[in-house]
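need coordinates for the below:
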Amino acid sequence: MIPIIKVIIPAYNEQDSIANVIKDIPKNVTEVIVISNNSTDNTETNAKKAGATVLTENRKGYGYACLKGMDYIAKQETKPDIVVFLDGDYSDYPEQLTEIVAPIINNNIDFVIGARVKKLREKGSMTPQQVFGNWLATFLMNLFFSAKFSDLGPFRAIKYNKLLDLKMEDKTYGWTVEMQLKALKQKLSYTEIGVKYRNRIGVSKVSGTVKGTIFAGVKILGWIFKYSFK
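As a prediction, the model looks like this:
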């Protein structure tokens, strides 16, 4: 049986990159859902022209956008087998989606992270604060939960029924770490696939600003410590 795969792409002012992302997604994907997160440019127009379903979420926040995409899927008659999350800045290689979903399809794994390993990263594609933040977050998860994560990479795939079981709630910067922590708590099977990573198109709205970096760091650590003492 061919699995039904849907892709959720949160996007805030990604008019220059979004069409490239959609174009490179493999054809075995049933639907690409772009959530314009209060964009003020041509993100929505360009995404529609590229063939995506476009939703609008005016509350700014990565988690808000992802939750909007999940709500849209929940209202559809035919549910997917797998949901893939992917950023809209073209830093990931969407064609690697096939590799990301393979452990789910072939080995019945519940959850797969696209890990941005150093040898596959383009120089400058991750800021020093991103590298350190990923190291610290995964180190703490490994310490408290004996996890085997090495990254909080946004390019990830999960069985749809397992995603629903997680009852995701974070509205902003903590979305990725919340998913990983809840996957650990619920003892989902998981693995990482090394993925290529390049310099994004445009300026990062999180790691590209001091405010965004601090807020993201606080949110991520907050989730980790919250679950460590539950």
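
can you name the next helix or strand after the helix or strand hosting Y72?
Using DSSP states H and E, Y72 maps to helix 62-74. Sequence order places strand 82-85 as the next helix or strand after helix 62-74, per DSSP H and E.

which residues touch that next one?
Strand 82-85 has contacts (Cβ atoms under 8 Å, 6 or more residues apart in numbering) with 3-10, 29, 66, 70, 73, 97, 100-101, 104-105, 154-160, 163. Bear in mind the C-beta positions are built from the backbone N, C-alpha and C, glycine included.

let's see which of those residues end up in helices.
C66, M70, I73, L97, I100, V101, I104, I105, Y160, L163 (DSSP state H).

just flag the most distant two among those.
Using Cβ to Cβ, those span at most 22.3 Å, a distance reached by C66 and I105.

who's more crowded, those two?
A count of neighbours by other Cβ atoms under 10 Å puts C66 above the other of C66 and I105, at 25 against 17.

residue contacts, that one?
Contacts of C66 (Cβ under 8 Å, 6+ apart): I8, P10, I35, F85, M168, W175.

out of those residues, who has the most neighbours?
I35 leads these on contacts (other Cβ under 10 Å) with 29 neighbours.

quick check: which element contains the closest residue to L152 other than its chain neighbours?
Distance criterion Cβ to Cβ, 6 or more residues apart in numbering; nearest residue to L152, sequence neighbours excluded, is T176 at 4.6 Å. Per DSSP H and E, T176 falls inside helix 175-185.

so which elements touch that helix?
Counting by 3 or more Cβ pairs under 8 Å, 6 or more residues apart in numbering; DSSP states H and E, the packing neighbours recorded for helix 175-185 are helix 62-74, strand 111-115, helix 128-145, strand 156-159, helix 160-166, helix 210-228.

just the terminal-to-terminal distance for stretch 79-86.
19 Å (Cα to Cα, to the nearest Å).

likewise stretch 30-49?
Termini of stretch 30-49 sit 17 Å apart (Cα to Cα).

what's it in contact with?
In contact with stretch 30-49 (Cβ under 8 Å, 6+ apart) are residues 4-15, 18-19, 22, 25, 51-62, 64-66, 68-69, 72-73, 80, 88.
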